[in-house]
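Q: just need the structure, nothing else, for what follows:
(2 chains)
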Amino acid sequence: GEDVEQSLFLSVREGDSSVINCTYTDSSSTYLYWYKQEPGAGLQLLTYIFSNMDMKQDQRLTVLLNKKDKHLSLRIADTQTGDSAIYFCAESLNTDKLIFGTGTRLQVFP
Amino acid sequence: DTAVSQTPKYLVTQMGNDKSIKCEQNLGHDTMYWYKQDSKKFLKIMFSYNNKELIINETVPNRFSPKSPDKAHLNLHINSLELGDSAVYFCASSQDYRGQKLFFGSGTQLSVL
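A: Next up is the predicted model:
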């Protein structure tokens, strides 16, 4: 299957951590990605993880991968108002396309 | 310099018209894509071209015809526009056909009245 699911909304206070979750169905995915979409803009690659890794940290971003449960998460530490956007996870199959999740709208309030 | 640029940013047109969206990338990438994002923000691939050759053609009506004159350009022509074609269309590119690490344009918001 090619379904990649995310919760639709997440609201956090500035300075708190945000955790955005994603579940996917295809266990043969080689890479998994997180993209960010700000209003009126295209998607921007934030970070990615290879399928044989459990965790990847990149400054304020931490990606966790649980292959057994087909669960991917993105943790943003010290969330700022500039982090408000839609976040998409995506899986790369052994083919030539990305399958995007349904997107999570993150709202950060002061 | 914008890496992936598409024009126009906004397109408002009547049902039945024919319109084109242009896309250019200056990253030297081999592969370019068209994605459609609907009102619920769901993003779905339409086409991809690798070195001017069509490699992905999802279930898209044949009113949509992509054209790649060279590997830096991928245009999208739409005939007989319908209300359901209203969406944001994104062009993207990647280094090769394996679809890793896409770079997106800023989108074309198409409104069909």
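
Q: how about the strands in the chain?
A: Defaulting to chain A. Using DSSP state E, the strands found in chain A span residues A:4-6, A:9-13, A:18-24, A:31-37, A:43-50, A:55-58, A:61-66, A:71-76, A:85-92, A:98-100, A:104-109.

Q: switch to chain B, please.
A: Under DSSP E, chain B gives strands at B:4-7, B:10-13, B:19-25, B:31-37, B:43-50, B:53-57, B:64-70, B:73-78, B:87-94, B:103-104, B:108-112.

Q: those into TSV, with extra columns for distance to chain A?
A: Where C-beta positions appear, they are placed from N, C-alpha and C, glycine not excepted. Listed next are those as TSV, based on distance: least, CB to the nearest CB, whole Å:
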stretch	distance to chain A
strand B:4-7	7
strand B:10-13	10
strand B:19-25	11
strand B:31-37	8
strand B:43-50	4
strand B:53-57	6
strand B:64-70	15
strand B:73-78	14
strand B:87-94	5
strand B:103-104	3
strand B:108-112	9
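
Q: out of the ones you listed, which gets nearest to A:Arg60?
A: Distance to A:Arg60, taken as CB to CB, is lowest for strand B:103-104 among the strands of chain B, at 22.0 Å.

Q: could you please name the strands the closest one pairs with and the direction of each pair?
A: Here strand B:103-104 is paired, per DSSP bridges, with strand B:87-94 (antiparallel).

Q: now the helix or strand of chain B with the lowest mean pLDDT: buried residues?
A: None of the helices or strands of chain B scores lower by mean pLDDT, DSSP states H and E than strand B:53-57, at a mean of 85. Neighbour counts using 16 or more other CB atoms under 10 Å in any protein chain shown place B:Ile55, B:Ile56 of strand B:53-57 among the buried residues.

Q: list the residues that contact A:Asp3.
A: A:Tyr24, A:Thr25 (CB atoms under 8 Å, 6 or more residues apart in numbering or on different chains).

Q: tell me the spacing between it and B:Leu74.
A: As judged by CB to CB, to the nearest Å, A:Asp3 and B:Leu74 stand 27 Å apart.

Q: with A:Lys68 instead?
A: 39 Å.

Q: equivalent analysis for B:Gly107, please.
A: Taken as CB to CB, the span from B:Gly107 to B:Leu74 is 14 Å.

Q: more crowded one of those two?
A: The neighbour count for B:Gly107 versus B:Leu74, taken as other CB atoms under 10 Å in any protein chain shown, is higher for B:Leu74 (28 against 22).

Q: ok, for that one, nearest residue in space, not its chain neighbours?
A: B:Met32 (4.0 Å; CB to CB, 6 or more residues apart in numbering or on different chains).

Q: give the contact list for the spatially most central residue of chain B.
A: With distances taken as CA atoms, centre = their mean, B:Trp34 lies nearest the centre of chain B, 3.1 Å away. Each residue near B:Trp34 by CB under 8 Å, 6+ apart is listed here: B:Cys23, B:Ile45, B:Met46, B:Phe47, B:Ser48, B:Pro66, B:Leu74, B:Leu76, B:Tyr89, B:Phe90, B:Cys91, B:Ala92.

Q: repeat for A:Ile20
A: Contacts of A:Ile20 by CB under 8 Å, 6+ apart are A:Gln6, A:Ser7, A:Leu10, A:Trp34, A:Ser73, A:Leu74, A:Arg75, A:Ile76, A:Tyr87, A:Cys89, A:Thr104, A:Leu106.

Q: tell me the one of those nearest A:Thr23?
A: Closest to A:Thr23, out of all of the contacts of A:Ile20 and judged by CB to CB, is A:Gln6, at 7.9 Å.
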